[in-house]
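K.L.:
Make a model of this:
(2 chains)
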Protein chains: 2
Amino acid sequence: MTEASPTPNPTAHVNRWLSDFGAAIARGDHAAAVAMFDDDCYWRDLVSFTWNIRTQEGHDAIRAMLDATAAEAQPSGWKVDGEATEAGGVFESWFTFETALARGRGQIRLKGDKCWTLLTTMVELKGFEEAKGASRPKGVQHGIERDRQSWLERKTQEEAELGYKTQPYVVIIGGGQGGIAMGARLKRLGVPTIIIEKNPRAGDSWRNRYRSLCLHDPVWYDHLPYLPFPDHWPVFAPKDKIGDWLESYTKIMELNYWTLSEATSASYDEAAKEWTVTVNRNGETVVLKPKQLVLATGMSGLPNIPKIAGAEDFKGEIHHSSKHPGGEAYRGKKCVVIGSNNSAHDICADLWEHGADVTMLQRSSTHIARSDTLMELALGGLYSEEAVKSGVTTNTADLIFASIPYKIMHTFQIPVYEEMARRDADLYSRLEKAGFMLDFGEDGSGLFMKYLRRGSGYYIDVGASELVANGSIKLKSGVAIERITEHGVKMADGTELPADLIVYATGYGSMNGWAARIISQQVADKVGKCWGLGSATIKDPGPWEGEERNMWKPTQQEALWFHGGNLHQSRHYSQFLSLQLKARYEGLPTPVYGLAPVYHLS
Amino acid sequence: MTEASPTPNPTAHVNRWLSDFGAAIARGDHAAAVAMFDDDCYWRDLVSFTWNIRTQEGHDAIRAMLDATAAEAQPSGWKVDGEATEAGGVFESWFTFETALARGRGQIRLKGDKCWTLLTTMVELKGFEEAKGASRPKGVQHGIERDRQSWLERKTQEEAELGYKTQPYVVIIGGGQGGIAMGARLKRLGVPTIIIEKNPRAGDSWRNRYRSLCLHDPVWYDHLPYLPFPDHWPVFAPKDKIGDWLESYTKIMELNYWTLSEATSASYDEAAKEWTVTVNRNGETVVLKPKQLVLATGMSGLPNIPKIAGAEDFKGEIHHSSKHPGGEAYRGKKCVVIGSNNSAHDICADLWEHGADVTMLQRSSTHIARSDTLMELALGGLYSEEAVKSGVTTNTADLIFASIPYKIMHTFQIPVYEEMARRDADLYSRLEKAGFMLDFGEDGSGLFMKYLRRGSGYYIDVGASELVANGSIKLKSGVAIERITEHGVKMADGTELPADLIVYATGYGSMNGWAARIISQQVADKVGKCWGLGSATIKDPGPWEGEERNMWKPTQQEALWFHGGNLHQSRHYSQFLSLQLKARYEGLPTPVYGLAPVYHLS
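P.N.:
Numbers count the residues shown, from 1 in each chain, chains lettered A, B, ... in the order given. Alright, predicted model coming up:
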């Protein structure tokens, strides 16, 4: 009668865990629920319990969150979706669940019968689902009525009245990829929204960049919500092609997209709970009164312009990388590019391509990741043709990525970059021979962690590193700048680099710089620094916060939101920000748990 | 030792048939191959064997085709794709195969071990596959080169030079849905093409129609190639929304799309094998020299304007339905609409909506199919949310529809319309009570067969029938027109219908009317009537031809092609026409089997 207990069926095993977990919460026994977690445990919630984006780390944090949120969230229906898998004692599974207000999707990893990582995300609000598929609008009411409006007439009327006769619920400042993705989500959710864009056409924020720019991320990583690129789309899309796509996308999704418009000021009336946003719309002043304001001005803030002695005496041209017009005008000119990250490399390559004499001035070490290697080692599993073929859709890939807690993400990343260092050893050694200062991040965790921690410090190599290694792009590294002279840059070692052009490829400030410019310094200080995890690495000071500061979630300024990031983040997090806004639009209760305190002003 | 022979495994059964069939052809034993068909048998080939679109009906026709084509086609690799099914003794399956030049996909129905219907279609030419998915272009050559062209520069140069410094291989006249779908296919196949469109913007051929028009076909039926509508797209898209989609589509697919352009004449040099097409491009005369000319001017030809005595004396306004501007201008006016098909109903409803006094003048019986019923009974199995959920993609649905030979298609259709007659009996009886002459086609086979045979004779009811039944739209039926007077229409029964407006909703001629207008009457007569199957029903005279006349396949005029039809046909048949053109562009042998003779001039 005794038999070895069989290896548990992974799906049954995870279902049993979920069911016990759900039951413990349902009976209010949070101690029992928390006891089901491993000592090393993480519960990341995207909006479904916390109306926030938060990772709870450890038993105490999970217990505190449950105590604060479970009674109102009323979670139920925890159930494996598809089939769970098991490898090396770790069970992994997708699951679905519900709360009082929403349907959710999650991902779980169990070590044996204890939970190691748990991700819960909100998918849709009950009763406020997006109309799609079987619930899509019919488009025409069959039956003929007198004087009904056509689609075009309704659309034309809405465009004419919104912002004038009627007020948008949301104003999004910034009509790049972030504002557009957010606008599309809100449109599908039926939340009246205006997007404010300073350029003449949607997509210009890409078109205006230097001529040879292509996306550094591959196509599978870059889809916008709802309308994926067709399958002949190039792996690395040229900037003008992306610009044209964004322009078509705004039209297809019927966004209220105001071009040639700039928000000149904004202030919040705490009593009326309403913003006053003054917009210069192609010369006309329009005052908007939205309830919610989203800054989608890019994950970067305003350009960092270093103060270098003597700059005012320089007889040549100085501009920040964001103003670089492309290399055409600089054939035969001497150019010094200050900086060694993505923009610096791209601009150096562009200038060299056009026959300029280029020197890169590296001030600190830089992480170089060859694009091909990065695609294969770091992205390929989730975002590639092979991933698509094995059933990993973009949405699935986004959720898998989201399921790894930031606290331990570097441990997943380090081996990738160790392999990269081996594979591209030749390039790295030649770069070092040329004097280039290399790093792989302070803990060797490479590109993504640098991006998530500080949004800088790396170059995705699409060719410029070869030019640095072979000397086509000259390099001055590890020497401080003493001053700018009338005709060049004087270095601390006494050398002087003659220059007709100096480019400050010196990056950007925190995104709350935009709040300072458009709203007030007071509000910018109130919300504090945007981006970064608090990893206590360079440019990402502690304490540990565990999520990107201020991004896609409530801030210390009521009704002010920050949206941005690369195309992946614009796509993925616009889902959660749009649901937070939709809930408020519909008057649903949205008690925010664990609003992040402010540790840094910028 | 005796056992009942088991029901054969369907997949194994079909694979055995395919393998035997392939072997018979491979050893040149066409008699054996033909003997594997049932007495009642059909082999429809889309380009893969015949470089034509042809249905072979019966043993002799199949034998003749094999004798003529098999040696060159060298078919091989016949293999079930997925799993075959069996129901009522009929085995059905998808399969793949190859020819010397191409990869193909087919569908087969076996009655027991004999073939009843066989469909073979060309999917792609070996060595000339579309770059997509894993073979998509990289978009950027990593590595920096001096003075390389950007995507935008290449595109701008191509647009500036094509038609001037360089010549397109194909010119498509007509930039509606048909020309656009063809253009997209040819673009993906790398065949230089210019599309000539008379309107200012892509999509205007939809926008210019009356204001309340929505597509009468549901969204699942309407996708264009490569870029499906997003899943919130309405079931019945309003015309301006479709117009905007087509405009975005031409940009996204990077078509060389000349707006405000009209082909004023075209002639073919049989010796040089080249067309001379004179185009008025926004006032500038441009002479194009393509090798292939596609007329994509719609499946309809020029407007049919009936000759009615007295029309020249009419004091009011007369126009053809194609020129109807919408009902706004006719509030309170008396309007007579001659005709009772789709356009007549739509225009009557539009005029009534705007408060006009409308009379429909029905000259012959009409088939009425309520849109909802049609969707459910006739389209739902292949084109609906349910179909999508059960795995029937648009492409699969197109092939299933293509797999039913036209000769027997009516037998599949008749039961659908018997059910429709039952379900909507109330509407039909009220229409008859109002004097409306109804039919379901001569053989009761309903709407699709009418569409395929004559492209007219029906109304997809989106509401106007109710207005006819309840008298809101007045009806005059079954009485001949005697003449038009100064102020109205005099009928043979002595009554006179007063009118401020007369609309000729009298349909269109054959598409070769466009060849007469642009090329010559001689060429129009040489190619003969377009559309229709030769069913010997009204407006589709015999003899039986078995495929749409002249559509998407070689015509009696070398290098002249007709492309058109609804969105489904534009999507589906553009695949086969584009492959025919690509093969010629690449200089592959394309021996046409069974070029259709001409029986009718128009």
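K.L.:
Work out for me the element the most centrally placed residue in chain A sits within.
P.N.:
Computing the C-alpha centroid of chain A and ranking residues by C-alpha atoms, centre = their mean puts A:Gly565 first, at 2.6 Å. If you go by DSSP states H and E, A:Gly565 is not part of any helix or strand.
K.L.:
Quick check, pLDDT for it.
P.N.:
On the pLDDT scale, A:Gly565 is placed at 92.
K.L.:
likewise A:Ile460?
P.N.:
94.
K.L.:
Look up phi and psi at the residue nearest to the centre of chain A.
P.N.:
With angles defined as degrees, to the nearest 10, A:Gly565 sits at phi 120, psi -170.
K.L.:
Confirm for me that it is in contact with A:Leu577.
P.N.:
No: at 11.1 Å, A:Gly565 does not count as touching A:Leu577 under the criterion of C-beta atoms under 8 Å. (C-beta placed from N, C-alpha, C; glycine too.)
K.L.:
And stretch A:16-34, what's buried?
P.N.:
By neighbour count with 16 or more other C-beta atoms under 10 Å in any protein chain shown, stretch A:16-34 contains the buried residues A:Trp17, A:Leu18, A:Phe21, A:Gly22, A:Ala24, A:Ile25, A:His30, A:Ala33, A:Val34.
K.L.:
tell me the mean pLDDT over that stretch?
P.N.:
Rounded mean pLDDT across stretch A:16-34 is 98.
K.L.:
now do stretch A:48-63
P.N.:
Here the average pLDDT along stretch A:48-63 is 98.
K.L.:
Same question for stretch A:419-432.
P.N.:
98.
K.L.:
just stretch A:122-140 next, same as before
P.N.:
The model assigns stretch A:122-140 a mean pLDDT of 93.
K.L.:
Residues of the stretch 301-450 of chain A that sit close to chain B?
P.N.:
Taking C-beta under 8 Å from any C-beta of the partner chain as the criterion, the stretch 301-450 of chain A approaches chain B at residues A:Ala349, A:Trp352, A:Glu353, A:His354, A:Gly355, A:Ser371, A:Asp372, A:Glu385, A:Val388.
K.L.:
Out of those, who's the most crowded?
P.N.:
Highest neighbour count within these, by other C-beta atoms under 10 Å in any protein chain shown: A:Ala349, with 27 neighbours.
K.L.:
excluding its backbone neighbours, what's nearest that residue?
P.N.:
Once flanking residues are discounted, A:Ala349 sits nearest to A:Ala464: 4.0 Å by C-beta to C-beta, 6 or more residues apart in numbering or on different chains.
K.L.:
per-residue confidence at that neighbour?
P.N.:
The score at A:Ala464 is 94. That number is its pLDDT.
K.L.:
neighbours around it, how many?
P.N.:
Residues near A:Ala464, counting by other C-beta under 10 Å, number 27.
K.L.:
Flag the shaky bits of chain A, pLDDT-wise.
P.N.:
Residues of chain A meeting the criterion pLDDT under 70: A:1-7, A:141, A:299.
K.L.:
what do you get if the cut-off is 80, keeping everything else the same?
P.N.:
In the predicted model of chain A, residues A:1-8, A:140-143, A:147, A:212, A:298-301 satisfy pLDDT under 80.
K.L.:
where exactly do the helices run in the stretch 501-602 of chain A?
P.N.:
Ranges of helices within the stretch 501-602 of chain A are A:512-518, A:521-527, A:567-585, based on DSSP state H, counting those that start in this stretch.
K.L.:
from the residues of the stretch 301-450 of chain A next to chain B, which two are the most distant?
P.N.:
Of all pairs drawn from these, the greatest distance, 41.0 Å, lies between A:Gly355 and A:Val388 (C-beta to C-beta).
K.L.:
Chain neighbours aside, what residue packs nearest to A:Tyr602?
P.N.:
Just so we're on the same page, residue A:602 is Ser rather than Tyr. A:Ser510 (4.6 Å).
K.L.:
residues in contact with that neighbour?
P.N.:
A:Gly301, A:Lys529, A:Cys530, A:Trp531, A:Ser602 (C-beta atoms under 8 Å, 6 or more residues apart in numbering or on different chains).
K.L.:
do you know which of the helices of the stretch 501-602 of chain A lies nearest chain B?
P.N.:
When the helices of the stretch 501-602 of chain A are compared by C-beta to the nearest C-beta, helix A:567-585 sits nearest chain B, at 13.8 Å.
K.L.:
The closest one close to chain B?
P.N.:
No: using C-beta under 8 Å from any C-beta, we find that helix A:567-585 stays clear of chain B, coming within 13.8 Å at best.
K.L.:
What is the neighbour count of A:Leu125?
P.N.:
Using other C-beta under 10 Å, A:Leu125 has 18 other residues around it.
K.L.:
and the spatially closest residue to it that is not a sequence neighbour, how many neighbours?
P.N.:
Using C-beta to C-beta, 6+ apart and skipping the chain neighbours, the partner closest in space to A:Leu125 is A:Ala102 (5.2 Å). For A:Ala102, the count of nearby residues is 23 (other C-beta under 10 Å).
K.L.:
A:Ala102 contacts A:Ser48, correct?
P.N.:
Yes: contact criterion C-beta under 8 Å: A:Ala102 and A:Ser48 qualify, at 6.0 Å.
K.L.:
quick revisit: could you dump the helices of the stretch 501-602 of chain A to CSV with distance to A:Thr285 and mean neighbour count?
P.N.:
Formatted as CSV, the helices of the stretch 501-602 of chain A follow (distance: least, C-beta to C-beta, whole Å; neighbours: other C-beta atoms under 10 Å in any protein chain shown):
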stretch, distance to A:Thr285, mean neighbour count
helix A:512-518, 15, 24
helix A:521-527, 22, 18
helix A:567-585, 26, 23
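K.L.:
and the closest residue to A:Gly203 other than its chain neighbours, helix, strand or coil?
P.N.:
The shortest distance from A:Gly203 to any non-neighbouring residue, by C-beta to C-beta, 6+ apart, is to A:Gly243 (3.1 Å). Here A:Gly243 takes the helix state, with states given by DSSP: H, G, I helix; E, B strand; the rest coil.
K.L.:
my read: A:Gly243 touches A:Arg209, true?
P.N.:
No: A:Gly243 lies out of contact with A:Arg209 (C-beta under 8 Å); the separation is 9.2 Å.
K.L.:
number of nearby residues for A:Glu586?
P.N.:
A:Glu586 has 15 nearby residues by other C-beta under 10 Å.
K.L.:
With adjacent residues omitted, what lies nearest to it?
P.N.:
In space, A:Glu586 is closest to A:Phe128, 5.8 Å off (C-beta to C-beta, 6+ apart).
K.L.:
ok, the one you found to A:Arg584 distance?
P.N.:
Here A:Phe128 is placed at a distance of 12 Å from A:Arg584 (C-beta to C-beta, to the nearest Å).
K.L.:
Show me which residues of the stretch 1-150 of chain A are close to chain B?
P.N.:
A:130-134, A:136-140, A:142-148, A:150.
K.L.:
Out of the residues you listed, which end up buried?
P.N.:
Looks like those have A:Glu130, A:Arg136, A:Gly139, A:Val140, A:Ile144, A:Ser150 buried, using 16+ other C-beta under 10 Å.
K.L.:
and the two most separated of those?
P.N.:
A:Glu130 and A:Ile144 (29.4 Å).
K.L.:
mind listing what the residue of the stretch 451-600 of chain A found nearest chain B touches?
P.N.:
Closest contact between the stretch 451-600 of chain A and chain B, by C-beta to the nearest C-beta, is at A:Gly463 (4.2 Å). Residues counted as contacts of A:Gly463 (C-beta under 8 Å, 6+ apart) are A:Ala349, B:His142, B:Gly143, B:Ile144.
K.L.:
Looking at these, which one is closest to B:Glu418?
P.N.:
B:His142 (63.7 Å).
K.L.:
Settle this for me: the closest one is touching A:Ser465, isn't it.
P.N.:
No: counting by C-beta under 8 Å, B:His142 does not reach A:Ser465; the two are 10.1 Å apart.
K.L.:
Show me where the stretch 1-150 of chain A has its helices.
P.N.:
So, for the stretch 1-150 of chain A - with DSSP H, counting those that start in this stretch - the helices run A:10-26, A:30-35, A:58-73.
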